[in-house]
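# take a look and give me a structure for this.
(one chain, ligands or ions: 2)
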Amino acid sequence: MNASSPSVPPASASFHAPGPLAGAVRVPGDKSISHRSLMLSALAVGESVVEGLLEGEDVIATAAAMRAMGADIARGEDGRWRIHGVGVGGLLQPREALDMGNSGTSTRLLLGLVASHPITATFIGDASLSKRPMGRVTDPLGLMGAEFTASPGAGGSQCLPLMVRGICPAVPIEYRLPVASAQVKSAILLAGLNTPGETRVIEPVPTRDHSERMLRGFGADLSVEEDGQGARIISIRGEAELKPQAITVPGDPSSAAFPVVAALLVPGSVVTVENVGLNPTRAGLYQVLRAMGGDIAFTNERTVGGEPVADLVVRHSALSGIDVPPDVVPSMVDEFPVLFVAAALARGRTVMRGLEELRVKESDRIRVMAEGLAAIGARVEELEDGLIVDGTGGDPLAGGATVAAHLDHRIAMSFAVAGLVARKPVVIDDMAPVATSFPGFAAMLARLGAEIRPAQRD
Ligand SMILES: O=C(O)C1=C[C@@H](OP(=O)(O)O)[C@@H](O)[C@H](O)C1
Ligand SMILES: C=C(OP(=O)(O)O)C(=O)O
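Numbering: from 1, shown residues only. Ligands and ions are numbered 1, 2, ... in the order given. Predicted coordinates:
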């Protein structure tokens with residue numbers, strides 16, 4: 001570690017591996033589960049306690065919004081969060097606009113919650129979030145009776161700032177998801193919580209199921225059926241009373257992806273990443289890396305907070321390119337940027353398709369990764385729905401370029417990993433977005449033996 005403290009990485013920096021990475025680390029709590037823990041606790045009657053909450057900016061935005069709508073949320077000195085909820089139907093009118101920062105999950109899920117309450121709220125966010133499409137949630141929530149005034153975005157999409165006027169009682173709907181999105185599914189289920197009758201979501205392609213698991217855990221009347229053709233039909237009966245819970249949040253597999261890929265790529269590395277959530281709807285990356293020849297052992301398998309968890313022991317491996325099956329995409333949708341980096345070092349070609357959704361994340365992750373990887377010497381071909389990468393067979397990348405993070409934490413962290421296996425520095429122009437999901441990222445890599453160098457300024 002040079003000049004600056006690892007816990008506060010410089011705004012612009014490059015990451016280096018002077019030798020093998022070694023040691024055992026933990027990653028912060030799962031972001032999806034952390035958001036839902038706060039939202040559902042804020043709707044329960046009584047005190048919920050959450051341990052292992054991700055204290056990243058996205059989750060803090062959710063906490064602030066739930067406070068603004070009446071919940072009492074406090075972090076104890078023991079690191080546990082205590083939440084006193086207002087009860088389903090009890091959300092209060094926020095006095096000011098709800099600032100969602102960079103967080104798509106906070107925005108879309110909270111739009112669902114507000115939609116079936118008799119309150120009006122305005123949602124605002126940063127430059128990245130303000131470009132992301134909200135029509136995917138305002139369409140179904142509009143069918144339930146909520147009204148929206150959105151800002152116009154590219155191609156006629158509905159964007160932030162956005163005002164929602166909720167309605168109570170809302171109208172239950174049956175809705176078939178046009179995109180594979182856990183955020184859209186969750187927004188409708190959360191609106192359904194305070195809607196009389198049964199609200200149904202049909203999901204042709206399964207996506208992360210934390211909302212279903214947690215809603216049930218809090219006592220909601222929710223059932224899941226299969227339709228025989230692979231679709232899941234999720235039904236929630238509204239006007240439930242949620243019971244407060246004690247929740248332990250497992251480590252985030254999307255954050256663990258970075259030390260895991262780093263260990264696979266840096267020669268001689270042996271790294272343990274402890275306490276990683278391995279819900280099957282989230283764990284696609286680990287299957288894919290193993291299929292590429294990655295030596296990843298799952299040890300100490302157990303259940304934490306109702307989710308499967310293991311410690312991952314990862315050894316440097318010679319990876320081979322594969323065709324990644326498109327049906328695995330929803331179970332690793334946030335992990336593609338770092339998989340692109342792994343593919344850039346593999347032997348042969350890796351083909352990744354079915355990734356259209358990556359274009360509407362915090363940045364256009366296909367375009368931004370293709371440009372950055374090409375700038376540091378990787379051979380990539382951008383497709384409308386994916387990326388083809390011809391890897392080096394384990395040789396380091398050239399490096400020697402500055403890449404732009406575009407307000408996207410996963411882009412910044414992916415290029416940090418790429419820098420560990422490049423001959424010349426890979427400078428990331430802005431590491432600040434990492435604080436949205438992984439505030440201790442630089443410190444974690446430093447503990448494993450990486451060096452973080454502040455970028456030279458002219
Ligand atoms: O529901 C969630 O917690 C999330 C769902 C995914 O988004 P989509 O539903 O838009 O795919 C994912 O990319 C995001 O990081 C978190
Ligand atoms: C897409 C992501 O998050 P969100 O949609 O919540 O901004 C992510 O964390 O990669």
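# can you count the residues close to the nearest residue to residue 219 once chain neighbours are set aside?
Of all residues not flanking residue 219 in the chain, residue 243 sits nearest, at 4.4 Å (Cβ to Cβ, 6 or more residues apart in numbering). The way it works is simple: take the backbone N, C-alpha and C, and place the C-beta from them, glycine included. Applying other Cβ atoms under 10 Å, we find 14 residues neighbouring residue 243.
# check residue 51 too.
By other Cβ under 10 Å, the residues close to residue 51 number 17.
# please list the residues of the stretch 251-400 of the chain that sit near ligand 1.
333-334, 357 (Cβ under 6 Å from any ligand atom).
# between those, which sits nearest ligand 2?
Closest approach between these and ligand 2, by Cβ to the nearest ligand atom: residue 334, at 3.8 Å.
# ranges for the helices of the stretch 51-200 of the chain?
Secondary structure of the stretch 51-200 of the chain (DSSP state H, counting those that start in this stretch): helices at 57-68, 104-115, 135-143, 182-193.
# in the third one, which residues are buried?
Applying a neighbour-count criterion of 16 or more other Cβ atoms under 10 Å, one finds 136-138, 140-141 buried in helix 135-143.
# residues from the stretch 251-400 of the chain in reach of ligand 2?
Near ligand 2, the residues belonging to the stretch 251-400 of the chain are 334, 361-362 when assessed by Cβ under 6 Å from any ligand atom.
# rerun at 5 Å
Taking Cβ under 5 Å from any ligand atom as the measure of proximity, the stretch 251-400 of the chain contacts ligand 2 at 334, 361.
# in the stretch 251-400 of the chain, mark out all the helices, start to finish.
Under the criterion DSSP H, counting those that start in this stretch, the stretch 251-400 of the chain carries helices at the ranges 253-265, 284-291, 336-345, 365-375.
# between those, which one is closest to residue 194.
When those are ranked by proximity to residue 194, the top entry is helix 253-265, at 29.6 Å, counting by Cβ to Cβ.
# chain center to the closest one: distance?
Offset of helix 253-265 from its chain centre (Cα atoms, centre = their mean, to the nearest Å): 15 Å.
# that one vs helix 336-345, what angle?
If you take axes from the mean of the first three to the mean of the last three Cα atoms, to 10 degrees, helix 253-265 sits at 10 degrees to helix 336-345.
# hey, what's the angle from helix 253-265 to helix 284-291? Just curious.
Computed by the same axes, to 10 degrees, the angle between helix 253-265 and helix 284-291 is 20 degrees.
# please enumerate the strands of the stretch 251-400 of the chain.
In the stretch 251-400 of the chain, strands defined by DSSP state E, counting those that start in this stretch lie at 270-277, 295-304, 307-315, 323-324, 349-352, 379-383, 386-390, listed in chain order.
# can you list those strands in TSV and add distance to residue 179?
Written out in TSV, the entries for these read as follows (distance: least, Cβ to Cβ, whole Å):
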stretch	distance to residue 179
strand 270-277	24
strand 295-304	30
strand 307-315	25
strand 323-324	19
strand 349-352	18
strand 379-383	18
strand 386-390	16
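# so which of these gets nearest residue 209?
Nearest to residue 209, of these and by Cβ to Cβ, is strand 307-315 at 10.1 Å.
# what's stretch 73-85 in contact with?
37-38, 41-51, 53, 55, 63, 66-67, 71-72, 242, 244 (Cβ atoms under 8 Å, 6 or more residues apart in numbering).
# and if you look at stretch 346-356?
Residues lying outside stretch 346-356 but in contact with it, judged by Cβ under 8 Å, 6+ apart, are 292, 318-324, 326-327, 329, 336, 339-340, 343, 365-366, 383-391, 393-394.
# let's see that with 7 Å instead.
The contact list for stretch 346-356, computed with Cβ atoms under 7 Å, 6 or more residues apart in numbering, reads 292, 318-324, 326, 329, 336, 343, 366, 383, 385-391, 393-394.
# just the buried residues from those residues, in PyMOL please.
Here is the PyMOL selection string for the buried members of those, based on 16+ other Cβ under 10 Å:
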select buried, resi 292+319+320+321+322+324+329+336+343+366+386+387+388+389+390+391
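# show me this protein divided up by domain.
Following automatic domain parsing, one gets these domains for the chain: 13-29+250-454, 31-238.
# including mean pLDDT, could the ones you listed go into TSV?
Supplementary listing: the domains of the chain in TSV, determined by pLDDT from 0 to 100:
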stretch	mean pLDDT
domain 13-29+250-454	98
domain 31-238	98
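# what sits against whichever residue of the chain sits closest to ligand 2?
Here the residue of the chain nearest ligand 2 is residue 104; by Cβ to the nearest ligand atom that distance is 2.7 Å. Listed by Cβ under 7 Å, 6+ apart, the contact partners of residue 104 are 129, 132, 183.
# which of these lies closest to ligand 1?
Ligand 1 has its nearest neighbour among those in residue 183, at 3.4 Å by Cβ to the nearest ligand atom.
# surely the closest one and residue 107 touch.
No: judged on Cβ atoms under 7 Å, residue 183 makes no contact with residue 107 at a distance of 8.5 Å.
# count the neighbours of residue 178 for me.
Residue 178 has 11 neighbours, counted by other Cβ under 10 Å.
# an error on my part: the question was meant for residue 315.
15.
# got a list of what it touches?
Counting by Cβ under 7 Å, 6+ apart, residue 315 makes contact with 269-270, 295.
# residue 276 pairs with what?
Note on residue 276: beta-bridge partners residue 251, residue 310, judged by DSSP bridges.
# and for it, the neighbour number?
Number of residues near residue 276 (other Cβ under 10 Å) recorded here: 29.
# ok, residue 154 next?
8.
# count of neighbours near the residue nearest to it when sequence neighbours are not counted?
If you skip the residues right next to it in sequence, residue 154 has residue 131 as its closest partner in space, 7.0 Å away by Cβ to Cβ, 6+ apart. Here the neighbour count serves as a burial measure; for residue 131 (other Cβ under 10 Å) it reads 18.
# and residue 131, how far from residue 231?
In this view, residue 131 and residue 231 are 31 Å apart by Cβ to Cβ, to the nearest Å.
# same question, residue 134
Relative to residue 231, residue 134 is positioned 25 Å away (Cβ to Cβ).
# which of the two has more neighbours?
Neighbours were tallied for residue 134 and for residue 231 using other Cβ under 10 Å; the higher tally belongs to residue 134 (26 against 15).
# what does the stretch 51-200 of the chain put close to ligand 1?
For the stretch 51-200 of the chain, the residues in contact with ligand 1 (Cβ under 5 Å from any ligand atom) are 105, 181-183.
# same thing but 8 Å
Taking Cβ under 8 Å from any ligand atom as the measure of proximity, the stretch 51-200 of the chain contacts ligand 1 at 104-105, 108-109, 136, 179-186.
# can you pick out the most distant pair from the residues you listed?
The largest separation in those, counting by Cβ to Cβ, is between 109 and 180 at 16.4 Å.
# who has more neighbours out of the two?
Neighbour tally, residue 109 and residue 180, criterion other Cβ under 10 Å: the higher count belongs to residue 109, 27 against 18.
# that one contacts residue 35, correct?
Yes: using Cβ under 7 Å, residue 109 is in contact with residue 35, at 6.4 Å.
# whichever helix or strand residue 211 is part of and ligand 1 in contact?
Secondary structure from DSSP states H and E places residue 211 in helix 210-217. Yes: Helix 210-217 reaches ligand 1 (Cβ under 8 Å from any ligand atom) through 210-211.
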